[in-house]
Structures are given as structure tokens and as C-alpha cells.
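Q: fold the following for me, if possible:
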Amino acid sequence: MADVTEYAKTLPGVVYATRNLYTCAEDGIAAIKDAIREQDLNRVVVASCTPRTHEPLFRSAREEAGLNTSTSSSSRTSGTSVHGYTCTTGTEPQPRPRTSCA
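A: Below you'll find the predicted structure:
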């Protein structure tokens with residue numbers, strides 16, 4: 001996943017990108033809040049834990065750090081999941097999403 005983090009840093013409008021092994025754990029949530037404050041972020045993309053169980057946690061972290069929480073999007077439910085054709089690092093384009101690779 002280091003490749004994905006490095007790629008994200010090159011995208012227009014991205015001012016901060018990092019990798020965290022346990023984003024939904026207490027240390028990960030604290031890191032999100034710290035980054036929002038220290039980097040003066042106005043948006044956060046979390047590409048990890050399932051939003052079904054963790055979205056309230058991430059929403060709360062954004063709110064506590066001073067971000068508007070009225071809009072939210074999940075990379076896991078917006079078509080950027082792992083593709084069933086090949087198990088890649090997630091940085092190569094694939095024909096279309098299907099199922100997750102184990």
C-alpha cells in the first residue's frame with residue numbers, strides 16, 4: 001500500500017498523505033485529528049476500514065478536529081475496491097471492478 005500513498009501525494013489538491021496500519025484504532029483516530037489541525041486540512045480521505053462499522057468513528061474525529069461532517073464518501077463503496085481480475089497493488093487500472101481478492 002506504500003505505492004498508493006506515494007501516488008496519492010502526486011494528485012492535484014492533495015497536501016498530505018500518510019499510511020497508518022490501524023486507522024480505526026485510538027492512535028489512528030488521534031493521527032487523523034492531528035493531521036487535520038496541523039495541516040489545516042479541509043477534507044479527509046480514509047481508504048481502509050469498512051464504512052458500515054467505522055464511518056461514525058471517522059465522522060466524529062473530523063467533527064472534533066473542526067471539519068464539516070455533513071458530506072462523506074467512502075472509497076470502499078465508490079467503486080475503488082480491489083478488482084477480481086488480478087490481485088494488484090491497486091494502482092494499475094483494471095477493466096471493471098468485480099470481487100475482492102483474498
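
Q: show me what the strand or helix carrying Arg62 is packed against.
A: When elements are assigned from DSSP states H and E, Arg62 belongs to helix 51-64. Counting by 3 or more C-beta pairs under 8 Å, 6 or more residues apart in numbering; DSSP states H and E, the packing neighbours recorded for helix 51-64 are helix 26-39. To be clear about C-beta, it is placed using only N, CA and C from the backbone, and glycine gets the same treatment.

Q: only alpha carbons, please: show the helix it packs on as CSV.
A: Output of helix 26-39 as CSV, limited to C-alpha atoms (Å, rounded to 0.1, in the frame of the first residue of the first chain):
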residue,chain,number,x,y,z
GLU,A,26,-7.4,5.1,19.0
ASP,A,27,-3.9,6.1,17.8
GLY,A,28,-5.2,6.2,14.2
ILE,A,29,-8.1,8.4,15.1
ALA,A,30,-5.8,10.7,17.0
ALA,A,31,-3.4,10.9,14.0
ILE,A,32,-6.4,11.9,11.8
LYS,A,33,-7.4,14.7,14.2
ASP,A,34,-3.7,15.9,14.5
ALA,A,35,-3.3,15.9,10.7
ILE,A,36,-6.5,17.9,10.2
ARG,A,37,-5.3,20.6,12.7
GLU,A,38,-1.5,20.6,11.8
GLN,A,39,-2.0,20.6,8.0
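
Q: what angle do helix 51-64 and it make with each other?
A: For the pair helix 26-39 and helix 51-64, the angle between their directions (axes from the mean of the first three to the mean of the last three C-alpha atoms, to 10 degrees) equals 40 degrees.

Q: quick one: buried residues of helix 26-39?
A: Buried residues in helix 26-39, counted by 16 or more other C-beta atoms under 10 Å: Gly28, Ile29, Ala31, Ile32, Lys33, Ala35, Ile36.

Q: closest one of these to Gly66?
A: Taking C-beta to C-beta as the measure, Ile36 is the one of the buried residues of helix 26-39 closest to Gly66, at 6.9 Å.

Q: in contact with the closest one, which residues?
A: With C-beta atoms under 8 Å, 6 or more residues apart in numbering as the criterion, the residues that contact Ile36 are Val44, Arg62, Ala65, Gly66, Leu67.

Q: make a markdown table out of those and add distance to Arg52.
A: A markdown table is the format used below for those (distance: C-beta to C-beta, whole Å):
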| residue | distance to Arg52 |
| --- | --- |
| Val44 | 18 |
| Arg62 | 17 |
| Ala65 | 22 |
| Gly66 | 26 |
| Leu67 | 21 |
